[in-house]
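> Take a look and give me a structure for this.
(one chain, ligands or ions: 1)
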Amino acid sequence: MTVPVEVTADRRFGTNSYLVEDEDTHDAVIIDSNLEPDLITEVARERGANVKAILLTHTDLDHIAGLHELRDALGPIPIAVHDSEREVVEQGKALRREFGPIATRLDNVTSLAEGERYRAGSLEFEVLHTPGHSPGGVTLVIDGYLFTGDALFAGSIGRSDFANSDGRALIEGIRAKLLTQPDDMIVYSGHGPATTIGKERRMNPFLTQ
Ligand SMILES: [Zn+2]
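Take a look at the predicted model:
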């Protein structure tokens, strides 16, 4: 199976939205929904991708802002999120005490849970719970790629200064579940460029000491 990955970033927060497609069947998912959802739907259209689901690494505003527009463009496909952040998507509950609630109310929400594979058409993802930036942070694994959201970045890690963050859990999760992956696993983060596990294990200043 060949699984091409395309990325678009919005101009305001530089948040990445990814299109992950099975080249054989054209089944695809979108991972995270940044502030310019038209960019990723255009990529999907150009590729002839059949988007089966939207997967969320977590629910900070910049990763879910485009959900309603994506749904308008793609139809009522499932939105998958970790249970501890599900109410943010379904009921518009605030993820952060520091920010107000977001007017996001969507149905057909499904669960991403560690130990359960998530299937979308012919694509199948392994789910790793990597909390700490937020309670329901997950990393999605498929075919040599890790989609780490705001847990792990090239040369950095996610913020953990919010009331519901947990800096120790963040680093423990990265060490136990991400740095134990093979060196050549490609890391696609919530912001910024791609990297590899081998490079981050050797060079990431937050993880090397
Ligand atoms: Zn973010």
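
> and stretch 119-139, what's its mean pLDDT?
In this model, stretch 119-139 has an average pLDDT of 98.

> Which positions within it qualify as buried?
Neighbour-count burial for stretch 119-139, with 16 or more other C-beta atoms under 10 Å as criterion, is recorded at 120-123, 125, 127-139. C-beta here means a position set from N, CA and C on the backbone, and glycine is covered the same way.

> what does stretch 90-101 give?
90, 95-96.

> Identify the residues contacting Ser156.
192, 204-206 (C-beta atoms under 8 Å, 6 or more residues apart in numbering).

> is it in a bridge, and if so with what?
Here Ser156 sits in beta bridges with Phe153, as judged by DSSP bridges.

> And stretch 47-60, how far out from the chain middle?
Computed by C-alpha atoms, centre = their mean, to the nearest Å, the chain-centroid distance of stretch 47-60 equals 9 Å.

> got the buried residues for that stretch?
49-60.

> start to end distance for it?
With C-alpha to C-alpha, to the nearest Å as the measure, stretch 47-60 spans 28 Å from end to end.

> could you give the mean pLDDT of it?
Rounded mean pLDDT across stretch 47-60 is 98.

> Output the contacting helices and strands for the top helix by length along the chain.
The single longest helix within the chain, with elements called by DSSP state H, is helix 37-47. In this structure, helix 37-47 makes packing contacts with strand 5-9, strand 16-21, strand 27-31, helix 67-74, judged by 3 or more C-beta pairs under 8 Å, 6 or more residues apart in numbering; DSSP states H and E.

> mind running it again at 10 Å?
Applying 3 or more C-beta pairs under 10 Å, 6 or more residues apart in numbering; DSSP states H and E, one finds that helix 37-47 makes contact with strand 5-9, strand 16-21, strand 27-31, strand 50-55, helix 67-74.

> any idea which element the residue positioned nearest the centre of the chain lies in?
Against the mean C-alpha coordinate of the chain, by C-alpha atoms, centre = their mean, the closest residue is Thr57 at 3.0 Å. Counting by DSSP states H and E, there is no helix or strand that carries Thr57.

> in this structure, which spans are strands?
Using DSSP state E, the strands of the chain run over 5-9, 16-21, 27-31, 50-55, 79-81, 109-111, 118-120, 123-129, 138-142, 145-149, 152-153, 156-157, 186-189, 195-196.

> now, among the buried residues of stretch 90-101, which is nearest to Leu179?
Leu179 lies nearest to Leu95 out of the buried residues of stretch 90-101, by C-beta to C-beta, at 26.2 Å.
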